[in-house]
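Asker: give me the fold of what follows.
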Amino acid sequence: MADLFDSEDLSKEAPRPLADRLRPKSLSEVIGQRQVIGQDAPLTVMLEAGSLGSVVFWGPPGVGKTTIARLLADETDLHFVQISAIFSGVPELRKVFEAAKQRRKAGKGTLLFVDEIHRFNKAQQDSFLPHMEDGTILLVGATTENPSFELNAALLSRAQVLVLERLDLADLERLAQRAEVELGKTLPLDGPARENLLEMADGDGRALLNLIEQVMAWTVSEPLTSQALGQRLMKRAAQYDKSGDAHYNLISALHKSVRGSDPDAALYWFARMLDAGEDPRYLARRITRMSVEDIGLADPQAQTICLQSWETFERLGSPEGELAIAQALVYLALAPKSNATYVAYKAARADAKKTGSLIPPKHILNAPTQLMKDQGYGSGYAYDHDAEDGFSGQDYFPETMDRPEYYAPVERGFERDLKKRLDYFSKLRSKRSS
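Answerer: Here you go, the predicted structure:
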């Protein structure tokens, strides 16, 4: 019986898509995903130890989930079977399991690759468990959805989840170069147009190869510019435009308009992005980020208003809900601005990386045992509630670290009041230390 979706039955003479022709023959040929198949990565360690277990690949389309699964079967000398949860039901699963049992009796193991595994319901997912446990199959699932939400806990407990990432531009360029070698010619694009083509793929290797195949079929007298490429790939480019230059240019204009306290410009760029087909949820998220990064504690209410506008959009939907996001946008543009917390946070993170091994001073360490008390843990700690003004002025940084100053509030909005408090505590600290 032929396995479902077994490509071995296809005619060798049939035209093959570029993506199929460039499918890697070994794990070393796979582009990207070093966090999974690189040196000391999970799959590499499993293979070297000869103990490959069931896994679930979680990642976006076109990043190599199917390819890696096939190569794992080759590496472990297992029979590769591929099914899709979209097209398979209980009868198909029974046939697959029965074939795997017969194969096992003949001394051959089975690697069962299940694409879109999250589309199986609970009962269907449970049907894999006994066959995984008795070794009839080694399951390799693939999903674009969060396994924590879409897969049963019982299945997850028997499989390791490995995250596959979108290919970056360097990976896509390597893939494009392989395609040029396979096709025996270079892409008829100038430098900027080539970069735009890579960006259109949005980290999807299969999408890039489909685009390359389309571009390579054109007859052109000279390399195409970005503008010419955009005209020829107008419909395709629009689908990927959210990762292209226009997308980043518009979000940059929107962000800087808010930072520059210009509500009219902010609304203009907001409208431009909506008209271009941008997801309002993405804009709601970015606007919330602006409230944290550029307004912060100068107006603590700004973040709350952004989150409320986001929730309102989710309840109303489009287009009515977009007005709530627009209202938050205007509020942010007119709010007092401060990045003091943002700057302080980055400075603290930098120091934390430099001094990550320093322990807290002993006077603020808990001492639940006598041994710890004998070591001086908690000795000399001043309880602030008992101190004058409710402030002891003790130093809470590591003993060998000079006290830094990260947070410098601005004289705008609510941070004006916070600055007064900070100055007040600073004077008290100096008084206590002297």
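Asker: what distance do you get for residue 272 to residue 204?
Answerer: Remark: distance between residue 272 and residue 204 (CB to CB, to the nearest Å) = 26 Å. For glycine as for every other residue, the C-beta is placed from the backbone atoms N, C-alpha and C.
Asker: so for these two, which sits in the more crowded spot?
Answerer: residue 204 (20 against 15; other CB atoms under 10 Å).
Asker: my guess is that one contacts residue 63. True?
Answerer: Yes: if you go by CB atoms under 8 Å, residue 204 and residue 63 touch, sitting 7.2 Å apart.
Asker: who touches both of these two?
Answerer: Overlap between the contact sets of residue 204 and residue 63, as judged by CB atoms under 8 Å, 6 or more residues apart in numbering, is given by 166, 167.
Asker: mind listing the strands for the stretch 101-250 of the chain?
Answerer: 110-115, 138-143, 160-163 (DSSP state E, counting those that start in this stretch).
Asker: so which of the ones you listed comes closest to residue 132?
Answerer: Closest to residue 132 of the strands of the stretch 101-250 of the chain, according to CB to CB: strand 138-143, at 5.5 Å.
Asker: list the buried residues in stretch 416-429.
Answerer: Using 16 or more other CB atoms under 10 Å as the test for burial, stretch 416-429 gives 418, 419, 428, 429.
Asker: same thing with stretch 261-278?
Answerer: By neighbour count with 16+ other CB under 10 Å, stretch 261-278 contains the buried residues 263, 265, 266, 267, 269, 270, 273, 274, 278.
Asker: for those residues, which one is nearest residue 41?
Answerer: Nearest to residue 41 among the buried residues of stretch 261-278: residue 278, at 35.4 Å, using CB to CB.
Asker: so the closest one, which state does it fall into?
Answerer: Going by DSSP: H, G, I helix; E, B strand; the rest coil, the secondary structure assigned to residue 278 is coil.
Asker: format the strands of the stretch 101-250 of the chain as TSV; extra columns: distance to residue 58 and mean neighbour count.
Answerer: Shown next, in TSV, are the strands of the stretch 101-250 of the chain (distance: least, CB to CB, whole Å; neighbours: other CB atoms under 10 Å):
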stretch	distance to residue 58	mean neighbour count
strand 110-115	13	25
strand 138-143	6	24
strand 160-163	5	15
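Asker: okay if I get the ones you listed as TSV plus distance to residue 227?
Answerer: Below are the strands of the stretch 101-250 of the chain laid out as TSV (distance: least, CB to CB, whole Å):
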stretch	distance to residue 227
strand 110-115	38
strand 138-143	38
strand 160-163	37
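Asker: do you know which of those strands lies nearest residue 18?
Answerer: Among the strands of the stretch 101-250 of the chain, strand 110-115 sits nearest to residue 18 (CB to CB), with 20.3 Å.
Asker: what average pLDDT does that closest one get?
Answerer: Here strand 110-115 scores 95 as its mean pLDDT.
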